[in-house]
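Participant: The following comprises the amino acid sequence and a computationally predicted model.
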Amino acid sequence: MDVFITVPHAFCPDADVRLCDLRAREAAAALFDALKNLALPFVNVRSFAAQTLREDGDLNREETRRWPWRVSIQDAIEASRMARRKVVLFDMHSFPDDAENFRKRADETRGPKVVLLDQWEQTTSGRVKWLHRDMVPRVEEESGVRVRIIGSGFENDITRQANRPLPGVDDASDADVMLWEFNEDATRLSAAEIKRVAGALANYVAGKSRLPATEINKQ
């Protein structure tokens, strides 16, 4: 099994303005450590933290697919999928507490602690089917941290590209992909809470590692 941790907005130079995701690297490191501490047999973990300013090019958008950082990720994912290995991708981000795009109500005074931007599809009955709906309560129970699930848009290109059909390859494995957002206000989401969420995500991987590759996206 191959686990990929991507941090497209990780580059945070000292500046008076917010030019990056301020806690995404922290969350990614916590997840990497949690996975390593589990010492899961036959599970390889790779982390990709960008070193490019977001203002020079958003590495989570389709227009940067040909940039070296994105190519290195996709090449590695496709190699794993073509080898029919299980693949899990965590795309890690963070957001300022006063950001309005993750709030459900206009009267909310603070942002959520953690957000899962999940893949979804609309059923014939018109309802939304979430890929990781059942995962959310498990993460909340294990970490004690509330998680808000929101639909991931097509603009989030790392997760979108990772699981696209591979031309001419019929037996490639799927990629289990998800985008996680963490509140940047430490008074809202503590470092200890981030570590607990990371531990819950690592436990999710542990469960997936024991499933056949054909079952990875079914539970």
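Facilitator: Alright, I've got the coordinates.
Participant: any chance you could map the strands in the chain?
Facilitator: 2-7, 44-49, 87-95, 114-118, 120-122, 128-130, 147-151, 175-183 (DSSP state E).
Participant: will you turn those into JSON lines that also has mean pLDDT and mean neighbour count?
Facilitator: (Each C-beta comes from the backbone N, C-alpha and C, glycine too.) Conversion of the strands of the chain to JSON lines gives the following (pLDDT from 0 to 100; neighbours: other CB atoms under 10 Å):
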{"stretch": "strand 2-7", "mean pLDDT": "98", "mean neighbour count": "24"}
{"stretch": "strand 44-49", "mean pLDDT": "97", "mean neighbour count": "17"}
{"stretch": "strand 87-95", "mean pLDDT": "97", "mean neighbour count": "25"}
{"stretch": "strand 114-118", "mean pLDDT": "96", "mean neighbour count": "22"}
{"stretch": "strand 120-122", "mean pLDDT": "73", "mean neighbour count": "11"}
{"stretch": "strand 128-130", "mean pLDDT": "78", "mean neighbour count": "13"}
{"stretch": "strand 147-151", "mean pLDDT": "93", "mean neighbour count": "17"}
{"stretch": "strand 175-183", "mean pLDDT": "97", "mean neighbour count": "24"}
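Participant: for those strands, which one sits closest to residue 167?
Facilitator: Within those, the stretch nearest residue 167 is strand 175-183; the backing value is 15.6 Å (CB to CB).
Participant: residue ranges for the helices of this protein, please.
Facilitator: Under the criterion DSSP state H, helices of the chain are mapped to 24-38, 68-82, 135-143, 157-162, 191-209.
Participant: among the ones you listed, which is nearest residue 50?
Facilitator: helix 68-82 (5.4 Å).
Participant: CA-only coordinates of the closest one in CSV, if you can.
Facilitator: Extracted C-alpha coordinates of helix 68-82, given in CSV (Å, rounded to 0.1, in the frame of the first residue of the first chain):
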residue,chain,number,x,y,z
PRO,A,68,7.7,19.5,-11.9
TRP,A,69,6.3,19.2,-8.4
ARG,A,70,2.9,18.1,-9.7
VAL,A,71,4.4,15.8,-12.3
SER,A,72,6.5,14.0,-9.6
ILE,A,73,3.4,13.3,-7.5
GLN,A,74,1.3,12.1,-10.4
ASP,A,75,4.0,9.9,-11.8
ALA,A,76,4.4,8.2,-8.4
ILE,A,77,0.7,7.7,-8.0
GLU,A,78,0.2,6.3,-11.5
ALA,A,79,3.1,3.9,-11.0
SER,A,80,1.5,2.6,-7.8
ARG,A,81,-1.9,2.3,-9.5
MET,A,82,-0.5,0.5,-12.5
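Participant: in it, what counts as buried?
Facilitator: Residues 69, 70, 73, 74, 76, 77, 78, 80, 81 are the ones in helix 68-82 that count as buried (16 or more other CB atoms under 10 Å).
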